[in-house]
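what's the 3D shape of this:
(chains A, B and C)
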Amino acid sequence: MSKIVVLTGVPASGGTTVTRKAIAQLETQGNPFKMVTYSDVMLDEALQRGWVQIRDDIRRLDPQKQRDLQQTAARTIADMATTPLVVDTHATVRTPKGYLPGLPTWVLNELKPDLILVVEAKPGEIIRRRGADKSRKRDVQDEQGIQEHQEVNKAICMAYAAYTGATVKILQNPDGKLDEAVQELMLTLQAC
Amino acid sequence: MSKIVVLTGVPASGGTTVTRKAIAQLETQGNPFKMVTYSDVMLDEALQRGWVQIRDDIRRLDPQKQRDLQQTAARTIADMATTPLVVDTHATVRTPKGYLPGLPTWVLNELKPDLILVVEAKPGEIIRRRGADKSRKRDVQDEQGIQEHQEVNKAICMAYAAYTGATVKILQNPDGKLDEAVQELMLTLQAC
Amino acid sequence: MSKIVVLTGVPASGGTTVTRKAIAQLETQGNPFKMVTYSDVMLDEALQRGWVQIRDDIRRLDPQKQRDLQQTAARTIADMATTPLVVDTHATVRTPKGYLPGLPTWVLNELKPDLILVVEAKPGEIIRRRGADKSRKRDVQDEQGIQEHQEVNKAICMAYAAYTGATVKILQNPDGKLDEAVQELMLTLQAC
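Purely as a prediction, here's the structure:
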């Protein structure tokens, strides 16, 4: 089993972009990381079982089935980690009944992450990025809401760390400093 | 087993009031929730065992006995959840030896909550409400102390969520906005 | 088994100094606490096994060996707690791959702490204290970095509390108020 890195951040924090760039540069240095999106693996599993037709159906499944998919996906992902792997997911997801943990213990027990990345940006920047991205339908959330979400994410990532022993890296990804964020992430992944 | 909702908030956050009103309105909509106070169930158990005479005796019991009561009460409460149940308790309790977790793992293992509510208000509002309520003897605490208590509560609720998979809803209950808080809580409970 | 108190704080928070003074005063009152430094116990174990020559070698061991040392040290320390014991350690350690938990579950399962102390000071004070202490080589860190470290430490200590049931005491140790901090710690240890 190789290293497993969990990538988290509120929507539009830019974590996926920063990580893709860092991975591309590490590749040229002979240090290859693969990347997988947690929800894609869950969707594949749900489609195979005939439980859903489209991605949005997953959130309408009963909680026990969602938990089952979540755990099966964690096992599938852990099996994929024959080389270092970054798992793109969420620390928590905002739902009508509150913040839903993305990595509850039954997921952590399978994934056994070595490093948890928390990518952050200023709430105002997050809002502007969400507004600029017309390709995705995202909840409207004010600065205070985004700040709260980033705070609960940071707190729950520390709980994930306590449970697993994983390190937690908090990476700032402010506007206009993409290269710096990529550099810092590369150093972190190299140390992992 | 039906849904279990854990209700938390520092003293005078107003969580009990908001929840009673939300439950009353949900009742008229044919969506009944029951409510139980954790410390009442612990007290009943302690009285039955002859360990205490009055509520205040509980905190003077040795820690092992307190833990035993806490776990037995959790089991009793879980058995009560034949219909949706709100459990009124505390994320942490301030004690002379620091913040005591209200829902350590041996409680969570029994309760298996689906939703954890964190009711908050501004520290200045909390202080005024505490001053206005002459019926209860409460510790005097300054704004910074209340802010710290609310922060540690939020953090520990995220740890409870990581451990159980429960969602966490943070509900603001500011002065003069009771109806709005009740409405938001109703939506949250309906989604649960 | 007697009480186990875990002492944490970022470097130069002054926790060790405050605790030594509190223990000295409690001793004169016939309430003796011993104190042990977690990393010293790990080093002893690593030297005995011939894994390292000096302290700095420990961080270069592979993670599985570090974890093994960490767990063995926890067991050794728990066995030392025939009288009340303060364990001087870190909530998290800053490493190139992020914040490393000092008390992951495999340590907590052995230590079973009763109380977790979190000693804090203002970031500006921490920086001045680090600058004044020429005897130790410490990472340069700005105020924002120290604030982040203190925040993640507080959050992870709440996760440790959720897992173990330990109380958490947050102790402010500002410049010029050492006696007050010592007094407050004495009251906390007496209550433990």
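
the longest helix anywhere in chain A vs chain C: in contact?
Scanning chain A for the longest helix, with DSSP state H as the assignment, gives helix A:143-164. Yes. In this structure, helix A:143-164 sits against chain C according to C-beta under 8 Å from any C-beta of the partner chain; the contacting residues are A:154-155, A:158-159, A:161-164. Any C-beta I mention is one placed from the backbone N, CA and C, and that applies to glycine too.

what angle do that helix and helix C:143-164 make?
Using axes from the mean of the first three to the mean of the last three C-alpha atoms, to 10 degrees, the interaxial angle of helix A:143-164 with respect to helix C:143-164 works out to 60 degrees.

how about the helix or strand just after helix A:143-164 against chain C, any contact?
In the C-terminal direction, the helix or strand that comes right after helix A:143-164 (DSSP states H and E) is strand A:167-172. Yes. Remark: strand A:167-172 sits within contact range of chain C at A:167-170, by C-beta under 8 Å from any C-beta.

tell me which other helices or strands the helix or strand just after strand A:167-172 touches.
Secondary structure here is assigned by DSSP H and E; on that basis, the next helix or strand after strand A:167-172 toward the C-terminus is helix A:178-191. In this structure, helix A:178-191 makes packing contacts with helix A:15-28, strand A:115-120, strand A:167-172, judged by 3 or more C-beta pairs under 8 Å, 6 or more residues apart in numbering or on different chains; DSSP states H and E.

just give me how far helix A:178-191 sits from the chain centre.
Between the centre of helix A:178-191 and the centre of its chain there are 17 Å (C-alpha atoms, centre = their mean, to the nearest Å).

spatially, which two of the residues of strand A:167-172 next to chain C are the most separated?
Taking C-beta to C-beta as the measure, the residues of strand A:167-172 next to chain C span a maximum distance of 10.7 Å, between A:T167 and A:I170.

which one of these two is surrounded by more residues?
Under the criterion of other C-beta atoms under 10 Å in any protein chain shown, the comparison of A:T167 against A:I170 puts A:T167 first, with 26 against 20.

and that one, how far from chain B?
Counting by C-beta to the nearest C-beta, to the nearest Å, the gap between A:T167 and chain B amounts to 16 Å.

checking the residue of chain A positioned farthest from its centre next. Helix, strand or coil?
No residue in chain A sits farther from the centre than A:G50, which is 25.5 Å out by C-alpha atoms, centre = their mean. At A:G50, secondary structure determined by DSSP: H, G, I helix; E, B strand; the rest coil is coil.

how far away is it from chain C?
Following C-beta to the nearest C-beta, the distance that separates A:G50 from chain C is 38 Å.

same check on A:L185?
Taking C-beta to the nearest C-beta as the criterion, A:L185 is separated from chain C by 11 Å.

roughly how far does the residue nearest the centre of chain A sit from C:A159?
Note on chain A: the residue nearest the mean C-alpha position is A:T89, at 2.4 Å, using C-alpha atoms, centre = their mean. The spacing between A:T89 and C:A159, counted by C-beta to C-beta, to the nearest Å, is 19 Å.

how about A:M1?
A:M1 sits 25 Å away from C:A159 when distances are taken as C-beta to C-beta.

and the two? which has more neighbours close in?
Neighbours were tallied for A:M1 and for C:A159 using other C-beta under 10 Å; the higher tally belongs to C:A159 (31 against 10).

tell me the residues on chain A that lie near chain B, please.
Taking C-beta under 8 Å from any C-beta as the criterion, chain A approaches chain B at residues A:63, A:67, A:92, A:95-101, A:103-106, A:108, A:148, A:151-152, A:155-156, A:158-160, A:162-163.

got any ranges where chain A has weak pLDDT?
Screening chain A residue by residue with the criterion pLDDT under 70, one finds the ranges A:137-139.

what does it have sitting close to chain C?
Among all residues of chain A, those adjacent to chain C (criterion: C-beta under 8 Å from any C-beta) are A:114-117, A:154-155, A:158-159, A:161-170, A:187-188, A:191-192.

without its sequence neighbours, what residue ends up closest to the residue nearest to the centre of chain A?
Closest residue to A:T89 in three dimensions, ignoring its sequence neighbours and counting by C-beta to C-beta, 6 or more residues apart in numbering or on different chains: A:Y38, at 3.8 Å.

surely A:Y163 and C:A159 touch.
Yes. The pair A:Y163 and C:A159 passes the contact test of C-beta atoms under 8 Å, sitting 7.4 Å apart.

list residues touching both of the two?
Common contacts of A:Y163 and C:A159, defined by C-beta atoms under 8 Å, 6 or more residues apart in numbering or on different chains, comprise B:A162.

right, and the helices and strands packed on helix A:178-191 - which one's nearest B:D175?
strand A:115-120 (31.5 Å).

how about the CA coordinates for the closest one, as PDB?
Provided in PDB are the C-alpha atoms of strand A:115-120 (Å, rounded to 0.1, in the frame of the first residue of the first chain):
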ATOM      1  CA  LEU A 115      -2.100  13.300   4.800                       C
ATOM      2  CA  ILE A 116      -5.200  15.500   4.800                       C
ATOM      3  CA  LEU A 117      -5.000  18.700   2.800                       C
ATOM      4  CA  VAL A 118      -7.300  21.600   3.700                       C
ATOM      5  CA  VAL A 119      -7.400  24.200   0.900                       C
ATOM      6  CA  GLU A 120      -8.700  27.600   2.000                       C
END
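
what lines up beside it in the sheet?
Using DSSP bridges, the strands paired with strand A:115-120 in its sheet are strand A:4-8 (parallel), strand A:167-172 (parallel).

deepest in the core, which of those strands is it.
Mean neighbour counts were compared across the strands paired with strand A:115-120 using mean count of other C-beta atoms under 10 Å in any protein chain shown; the top stretch is strand A:4-8, at a mean of 26.

tell me the angle that one makes with helix A:15-28.
Here the directions of strand A:4-8 and helix A:15-28 differ by 150 degrees (the same axes, to 10 degrees).

before we move on, back to that, okay, buried residues for the longest helix of chain A please.
The neighbour-count check on helix A:143-164 (16 or more other C-beta atoms under 10 Å in any protein chain shown) flags A:145-146, A:148-164 as buried.

and stretch A:98-118, how far out from the chain middle?
Its chain's C-alpha centre lies 9 Å from the corresponding centre of stretch A:98-118 when counted by C-alpha atoms, centre = their mean.

stretch A:67-79 now?
Here stretch A:67-79 is found 15 Å from its chain centre; the criterion is C-alpha atoms, centre = their mean.

what comes up buried for it?
By neighbour count, and taking 16+ other C-beta under 10 Å as the criterion, the buried residues in stretch A:67-79 are A:68-74, A:77-78.

what's the burial count for A:Q25?
15.

list the contacts for it?
For A:Q25, the residues meeting the contact criterion (C-beta under 8 Å, 6+ apart) are A:182, A:186.

now swap in A:I58 and tell me
With C-beta under 8 Å, 6+ apart as the criterion, the residues that contact A:I58 are A:39, A:42-43, A:46, A:52, A:66, A:69.

over to A:V87?
Listed by C-beta under 8 Å, 6+ apart, the contact partners of A:V87 are A:4-7, A:35-38, A:77, A:111, A:113.

doesn't it belong to a strand?
Yes. Judged by three-state DSSP, A:V87 forms part of a strand.

and it, how close does it get to A:R136?
Distance of A:V87 to A:R136, given as C-beta to C-beta: 20 Å.

A:Q48 now?
Noted for A:Q48: a distance of 25 Å to A:R136, by C-beta to C-beta.

count of residues packed around A:T17?
Tallying neighbours of A:T17 according to other C-beta under 10 Å, which is how burial is gauged here, yields 14.
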